[in-house]
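>>> Sequence first, then the predicted structure, then my questions.
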Amino acid sequence: MICRARAGFTLVELIIVVVIIGLFATVAIPKFSSSRDKALVAAMKSDLRNLVTQQEARLADSGSYATSFPATLWSPSTGVTGPSITLTPTGWTARVGHTSTTRICAIFVGSTSLAPAIKEGVPTCT
């Protein structure tokens, strides 16, 4: 009896490998997506904190807040959209978004809040 060497995988072996990879992907992809979303939110919050610093410097220099800044003074991180800054009687509000998520972050200084922010000077996201 002549014994031939096996050349390749059987259909059953290939199906088992595909099932294992599929199970791994359903576990790994949501974790990656969650980490990515956290990084985007962190960038938006950081930009809003930096905006507070810039606004307070502007207030100290000129006695008023600004609705925009030249890119040489302050600009958002890559992918962050906005900010949309609105002056209020007692301060200002700002909102930013990101091109890679539907979440938005907001901050306010003064007595006029801007959802989802509920605490003055603390960036909060949806």
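Cool, the structure landed. Only a predicted model underlies this, so the values are computations on that prediction, with no experimental measurement involved.

>>> CA only for contacts and neighbour counts going forward, please
Fine.

>>> I'd guess G97 is in a helix, am I close?
No. G97 is assigned strand when assessed by DSSP: H, G, I helix; E, B strand; the rest coil, not a helix.

>>> wouldn't it be in contact with C105 here?
Yes. Using C-alpha atoms under 8 Å, G97 is in contact with C105, at 6.4 Å.

>>> Just give the number of residues close to P89.
Neighbours of P89 under the rule other C-alpha atoms under 10 Å: 8.

>>> and the residue sitting nearest the centre point of the chain, what element?
Central residue of the chain (C-alpha atoms, centre = their mean): L40, 2.1 Å from the mean position. Following DSSP states H and E, one finds L40 within helix 11-62.

>>> if we can go back for a sec, thinking the residue nearest to the centre of the chain is in contact with H98, fair?
Yes. With contact defined as C-alpha under 8 Å, L40 counts as touching H98 (7.2 Å).

>>> rewinding a little: how close does the residue nearest to the centre of the chain get to V17?
34 Å (C-alpha to C-alpha, to the nearest Å).

>>> cool, D61 as well?
Distance, D61 to V17, using C-alpha to C-alpha: 65 Å.

>>> Just give me the neighbour total for G82.
Neighbours around G82, by other C-alpha under 10 Å: 15.

>>> With the one 3 residues further on instead?
When neighbours are counted by other C-alpha under 10 Å, I85 registers 19.

>>> Could you confirm W92 falls within a strand?
Yes. Under three-state DSSP, W92 falls within a strand.

>>> Show me what it is bridged to.
Going by DSSP bridges, W92 is paired in beta bridges with L87, V109.

>>> okay, now it: neighbour count?
22.

>>> I'd assumed L59 was in contact with it.
No. Proximity of W92 to L59 does not meet the contact threshold set by C-alpha under 8 Å, at 11.3 Å.

>>> Now do the shared contacts for those two.
Y65 (C-alpha atoms under 8 Å, 6 or more residues apart in numbering).
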